[in-house]
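[1] Sequence and predicted model, in that order:
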Amino acid sequence: MKVSKFGGTSVASAAQIEKVANIIKADPSRRIVVVSAPGKRFDNDVKVTDLLIRLANASLAGEPVDRALDDVLARYRDIALDLGLDDGITSIIADDLARRLAASKENPSLYFDQLKASGEDNSAKLIAAYLTSIGLPAEYINPQDGGLVVNNPPARVQALAESYANLSQLRNRQAICVFPGFFGFTETGMLRTFDRGGSDITGSILAAAVGAELYENFTDVDCVFAANPKAVDNPAEIEKMTYREMRELSYAGFAVLHDEALMPAFKASVPVCIKNTNNPFSKGTMIVAERDFSERPVTGISADSGFSTLYVSKYLMNREIGFGRKLLQILEDEQVSYEHIPSGIDNLSVIVRSYQLTPGKEQRIVDRIKNELHADDVSFSGGFSMVVLVGEGMKYSTGLAARATQAIARTGANIEMINQGSSEVSLVFGVLQKDETKILQELYSEFFTPVFAG
Ligand SMILES: Nc1ncnc2c1ncn2[C@@H]1O[C@H](COP(=O)(O)OP(=O)(O)O)[C@@H](O)[C@H]1O
Ligand SMILES: N[C@@H](CC(=O)OP(=O)(O)O)C(=O)O
């Protein structure tokens, strides 16, 4: 049995959904299908999830919602019409959205989530109806009925252990299960969504739960490339990589798969395959537990912007027991998580994602570090990117860091921070955001030209 997840671009229009149906038809082992909300049909298009976010914001602000609501409904109406479905499914979706809009706004975050999740939920209802209409008996599965149980706020949304036993029952269904991605329900029945891009996580949870032979993640590219194809021309194709490599690369900017989508599949030993809905016969990228990494030490290079640095210096910092703990406690009090902490004897830097900060938070953090930890110098600065080299083989390759720093030096850019974990599966360079692309391109040509990845 395979679990096949189809991303937003794969279900963006009737033509795309027809391709999805052909893919399902071509392989009877594709028994569980996870779908996203309709995504972008062309470059400047708006994903249904983003239309729903607009709708939820308007509704929460007490503004008129007619226009935003119609934008969402029109997407489903057009798809249903083009697929030759009758008005029934469009009415079901319209009634569903009306009910969600009328829900209690007492907890805005929950209100927001239940509207956002309707994108995937209604997509699953529509696709199940379509598959059935063309003679592929399919059943929409509500994640609450299926048993996808998630934790309570304010913890980050994750599936609870009991979900796996509950969802394993889907193995026994006769019809093809069409399961909406992106959300689950708490034990008390509250709907909560995963992070953006979280339908990938749902697919992985289901694949683990049913012990699938393969978790297929269908998107709009033939494979995972060694660098973002939007930043590097014609990047090498990665045929095979490990879960660990993919997790590092996804976390650091490879948007093709959510980084939290690796762990459930990994724990259940389910291999993952990234495939293209628009070119389903291309081999795709296999993500597995082990691979031969003798051929090339670096598997991929990613880059991500939007980082800030908290710089703290204090004479004899390294001798002061508990300094780091107290500093991180201040960040915890402000609900800020950190990415890296490179340090010297009298100073350290904490790298954080800038979206977590506000001018007020920054000021409170700086004041507390000065007043409570008696630091000599404390400041925040923003506008950083992290460029990350990833590869299981890096550990066995001498001189790799030297090659990387020389490549960066050739661009004329300065390295603000270097971090290499002891596992040596990744090497991180903190650089100014403005230098990100040229550094990525130079590193790519250092490690990937002219040989092709494999
Ligand atoms: N290294 C990479 N390899 C392949 N695709 C990448 C990479 N980095 C970023 N991407 C982007 O990821 C996109 C696919 O992910 P996403 O937009 O979430 O698709 P979906 O709608 O199928 O979920 C691709 O169109 C591509 O632009
Ligand atoms: N629709 C949600 C969840 C998701 O996973 O979508 P996609 O498969 O299009 O990345 C989002 O846009 O975040």
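    Looks like it came in fine. Numbering: from 1, shown residues only. Ligands and ions are numbered 1, 2, ... in the order given.
[2] Show the contacting residues for the closest residue to ligand 2 within the stretch 301-450 of the chain.
    Per Cβ to the nearest ligand atom, the residue of the stretch 301-450 of the chain with the smallest distance to ligand 2 is Tyr355, at 15.3 Å. Yep, even glycine has a C-beta here, placed from its N, CA and C like the rest. In this structure, Tyr355 makes contact with Gly306, judged by Cβ atoms under 8 Å, 6 or more residues apart in numbering.
[3] any low-confidence regions in the stretch 201-350 of the chain?
    In the prediction, the stretch 201-350 of the chain carries no residues with pLDDT under 70.
[4] give me the number of residues near whichever residue of it sits closest to ligand 2?
    Closest approach between the stretch 201-350 of the chain and ligand 2, counting by Cβ to the nearest ligand atom: His258, at 6.9 Å. Neighbours of His258 under the rule other Cβ atoms under 10 Å: 23.
[5] Could you measure from it over to Val3?
    Noted for His258: a distance of 15 Å to Val3, by Cβ to Cβ, to the nearest Å.
[6] now Tyr164
    For Tyr164, the distance to Val3 - Cβ to Cβ - is 13 Å.
[7] ditto for Met317
    Met317 sits 50 Å away from Val3, going by Cβ to Cβ.
[8] okay, these two: which has more neighbours?
    Neighbours were counted for Met317 and for Val3 using other Cβ under 10 Å; Val3 has more, 31 against 20.
[9] Assumed the more buried one was part of a helix.
    No. Read with DSSP: H, G, I helix; E, B strand; the rest coil, Val3 is strand and lies in no helix.
[10] residues touching the nearest residue to it once chain neighbours are set aside, list them.
    Leaving aside its chain neighbours, Val3 sits nearest to Ala207 (4.0 Å; criterion: Cβ to Cβ, 6 or more residues apart in numbering). By Cβ under 8 Å, 6+ apart, the contact set of Ala207 is 3, 32, 214-215, 264-265, 268, 270, 272.
[11] Which single one of those is nearest to Arg325?
    Proximity of the contacts of Ala207 to Arg325 was ranked by Cβ to Cβ; the top entry is Pro264 with 32.0 Å.
[12] dump the residue contacts of the spatially most central residue of the chain.
    Centroid-nearest residue in the chain, with Cα atoms, centre = their mean: His258, separated by 2.7 Å. Contacts for His258 (Cβ under 8 Å, 6+ apart) come out as 194-195, 197-198, 200-201, 250.
[13] contacting residues around the residue of the chain found nearest ligand 2?
    Closest contact between the chain and ligand 2, by Cβ to the nearest ligand atom, is at Gly8 (2.5 Å). Contacts for Gly8 (Cβ under 8 Å, 6+ apart) come out as 36-40, 47-49, 199.
[14] For it, which non-adjacent residue is spatially closest?
    Nearest to Gly8 is Gly39, by Cβ to Cβ, 6+ apart, at 2.2 Å.
[15] on that earlier part again, quickly check: the helix or strand harbouring the residue nearest to Val3 near ligand 1 or not.
    Per DSSP states H and E, Ala207 falls inside helix 199-210. No. Judged by Cβ under 6 Å from any ligand atom, helix 199-210 and ligand 1 are separated, with a smallest distance of 6.9 Å.
[16] Let me see the backbone angles for Ala404.
    phi -70, psi -50 (degrees, to the nearest 10).
[17] got a pLDDT number for it?
    Reported pLDDT at Ala404 in the predicted model: 96.
[18] isn't there a helix covering Tyr76?
    Yes. Assessed by three-state DSSP, Tyr76 belongs to a helix.
[19] Can you get me a residue count around it?
    Residues lying near Tyr76 (other Cβ under 10 Å) number 24.
[20] so what's it closest to, chain neighbours aside?
    Ile93 (4.9 Å).
[21] is Ile274 in a bridge, and if so with what?
    Beta-bridge partners recorded for Ile274 (DSSP bridges): Asn217, Thr285.
[22] Near ligand 2, which residues of the stretch 151-300 of the chain are found?
    So the stretch 151-300 of the chain meets ligand 2 at 181-182, 196-200 (Cβ under 6 Å from any ligand atom).
[23] Apply 8 Å and report the result again.
    181-182, 193-201, 219, 255, 258 (Cβ under 8 Å from any ligand atom).
[24] Only the buried residues of the strand or helix carrying Gln329, if you could.
    Using DSSP H and E, Gln329 sits within helix 323-333. For helix 323-333, burial by neighbour count (16 or more other Cβ atoms under 10 Å) applies to 323-324, 327, 330-331.
[25] with the residues you listed in mind, which one is nearest to Pro143?
    Nearest to Pro143 among the buried residues of helix 323-333: Leu331, at 33.7 Å, using Cβ to Cβ.
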